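Student: With the input below, show me the fold.
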Amino acid sequence: MLTNRVTITAFILTQFISISFSSDITALLSFKASSDRSNSLSSWVNSSDPCSDHWLGVTCDSNSGRVTRLVLENLQLTGSTRSLSELTELRLLSLKQNLLTSSNLNLSSWPNLKHLYLSHNRFAGKFPAGISTLRRLRRIDLSHNEFRGKIPFNELTRLTHLLTLRLEFNSFDSELAAAAGAGDTQSFPSTVSDFNISNNNLSGEIPIWLSHFSASSFAGNSLLCGHPLPSLCPKNDPTAENQSHILLITIITVASVAILGVIAFVLINTWRKKRVTCQSREHSSNSGGGSSGGPMLVTFEGCSKGIGGVEDLLKASAVMLGKGKVDWWLRQVLGNLKHSNIVSLRAYCYSNSEDLLLLVYDFLPNGTLHSLLHG
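Tutor: Okay, the predicted model is just below:
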């Protein structure tokens with residue numbers, strides 16, 4: 001019974017390896033069909049075995065028969081590498097010095113990869129996705145391509161076995177400190193000894209945890225500054241910045257107060273001139289005004305056309321109030337009344353010599369309530 005189980009298990013394992021190996025062959029032939037226009041991969045024949053028949057650049061595992069190494073350098077290969085994602089047991093992939101293009105490279109299909117060399121091609125787009133899943137990766141060279149955007153240092157720090165990071169001669173264009181993401185507290189694998197991000201479009205200050213690499217590792221980025229480059233970064237002085245803010249606020253405050261002061265001065269001056277003009281007209285319209293102590297007319301709402309002298313007021317209809325306490329109280333109330341159905345008090349006229357006090361209201365063409373009631 002045990003022998004039968006072992007036999008069945010071995011059979012299933014053999015079938016699995018056979019299927020996996022078959023998928024490797026399919027992936028390789030698909031890549032050849034799409035990328036080998038110059039027939040550099042003539043040894044890759046459908047009816048042969050890539051391992052035993054020594055296909056160019058292909059190395060297989062002796063036990064599993066799976067493809068573990070693929071080295072295709074300087075063969076004028078073109079197109080995409082998407083079909084190679086089926087080679088899930090790859091340990092080494094080198095496609096440098098070809099004409100390969102892709103804008104959506106994803107490395108997560110090669111979890112066992114240790115060495116990746118894609119330099120001197122035409123790869124573009126953002127940094128290849130899935131880099132943090134390659135925990136066994138030791139060397140990566142993406143130099144001399146057209147990659148752009150941000151370098152994902154936050155993912156690269158997880159690669160604790162990394163020895164080489166070559167990204168020179170690309171178009172990475174982010175601020176280096178922002179791409180790093182954590183400032184001076186960020187860590188970087190201490191195992192890295194071969195590091196180069198020169199000749200990109202990077203900017204900003206070089207983080208301390210990268211400053212131990214040589215200046216040549218950062219050369220060709222005109223907007224980079226800080227050690228080890230000779231160009232120093234401008235220092236941000238918080239005190240000077242705060243002082244400039246305070247000065248700006250002070251200037252704005254003083255200017256606002258000055259503007260308000262000018263507006264207030266103009267309004268007050270205009271009001272005073274109007275008041276003086278009105279009073280001068282009122283004095284000139286009164287027959288006995290001025291220093292003689294005659295009657296004086298005072299208006300409440302500015303000068304109006306048609307205001308006459310005291311004689312005109314005496315000729316108008318009037319209601320006489322007495323001099324008792326009740327009458328005095330009544331005059332106070334009448335002077336303060338304000339209602340939409342009550343005519344407004346326009347002026348008053350008084351004379352010490354004639355013991356005269358008149359309250360002036362709007363003209364009523366139909367007479368007054370007093371005249372209607374008392375006929």
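
Student: which residue ranges form the helices in the stretch 51-200 of the chain?
Tutor: 153-156, 176-180 (DSSP state H, counting those that start in this stretch).

Student: how about low-confidence regions in the stretch 1-150 of the chain?
Tutor: Residues of the stretch 1-150 of the chain meeting the criterion pLDDT under 70: 1-21.

Student: Is it possible to get JSON lines of the helices of the stretch 51-200 of the chain that adds mean neighbour count?
Tutor: Every residue, glycine included, has its C-beta placed from N, CA and C. Compiled in JSON lines, these are given as follows (neighbours: other Cβ atoms under 10 Å):
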{"stretch": "helix 153-156", "mean neighbour count": "17"}
{"stretch": "helix 176-180", "mean neighbour count": "20"}
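
Student: In CSV, list those helices along with mean pLDDT and distance to Asn106.
Tutor: Compiled in CSV, the helices of the stretch 51-200 of the chain are given as follows (pLDDT from 0 to 100; distance: least, Cβ to Cβ, whole Å):
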stretch, mean pLDDT, distance to Asn106
helix 153-156, 92, 13
helix 176-180, 73, 20
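
Student: Nearest to Lys32, out of those helices?
Tutor: Counting by Cβ to Cβ, Lys32 lies closest to helix 153-156 out of these; the figure is 31.9 Å.

Student: So which elements touch the closest one?
Tutor: In this structure, helix 153-156 packs against helix 176-180, with contacts taken as 3 or more Cβ pairs under 8 Å, 6 or more residues apart in numbering; DSSP states H and E.

Student: State the distance from Arg122 to Ser109.
Tutor: 21 Å (Cβ to Cβ, to the nearest Å).

Student: Cys60 too?
Tutor: As judged by Cβ to Cβ, Cys60 and Ser109 stand 18 Å apart.

Student: Show me which of these two is the more surrounded one.
Tutor: Cys60 (19 against 15; other Cβ atoms under 10 Å).

Student: give the contact list for the residue nearest to Leu210 when sequence neighbours are not counted.
Tutor: Nearest residue to Leu210, sequence neighbours excluded (Cβ to Cβ, 6 or more residues apart in numbering): Phe188, at 6.5 Å. By Cβ atoms under 8 Å, 6 or more residues apart in numbering, the contact list for Phe188 reads 153, 156-157, 209-210.

Student: Quick check: beta-bridge partners of Asp141?
Tutor: Tyr117, Arg166 (DSSP bridges).

Student: which ones are touching it?
Tutor: 96, 116-119, 164, 166.

Student: Which of the residues you listed sits closest to Leu142?
Tutor: Leu118 (5.5 Å).

Student: returning to what we had before: highest neighbour count among the contacts of Asp141?
Tutor: Of all these, Leu118 has the most neighbours under the rule other Cβ under 10 Å, reaching 25 neighbours.

Student: pretty sure it is touching Glu146, no?
Tutor: No: contact status for Leu118 versus Glu146: not in contact, 11.7 Å apart, counting by Cβ atoms under 8 Å.

Student: pLDDT score for the residue nearest to Leu210?
Tutor: For Phe188, the pLDDT comes out at 82.

Student: State the distance from it to Thr164.
Tutor: 13 Å.

Student: again, but for Arg139
Tutor: From Arg139 over to Thr164 the distance is 4 Å, taken as Cβ to Cβ.

Student: which residues are in contact with both of the two?
Tutor: Joint contacts of Arg139 and Thr164 (Cβ under 8 Å, 6+ apart) are Asp194.

Student: Please give me every residue in contact with Asn98.
Tutor: 72-78, 120-121.

Student: If any of those are buried, put those into a PyMOL selection.
Tutor: Buried members of these, defined by 16 or more other Cβ atoms under 10 Å, are picked up in PyMOL with:
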select buried, resi 72+75+77+78+120+121
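
Student: Which members of the contacts of Asn98 are the farthest-apart pair?
Tutor: Maximum distance among the contacts of Asn98 (Cβ to Cβ): 14.4 Å, for Glu73 and Thr78.

Student: Count the residues that sit near Val71.
Tutor: 15.

Student: right, and it touches Lys96 too?
Tutor: No: counting by Cβ under 8 Å, no contact exists between Val71 and Lys96, whose distance comes to 9.3 Å.

Student: So, low pLDDT: which residues of the stretch 251-375 of the chain?
Tutor: For the stretch 251-375 of the chain, the ranges with pLDDT under 70 are 273-359, 361-375.

Student: now with 50?
Tutor: Within the stretch 251-375 of the chain, the segments meeting pLDDT under 50 span 284-292, 302-306.
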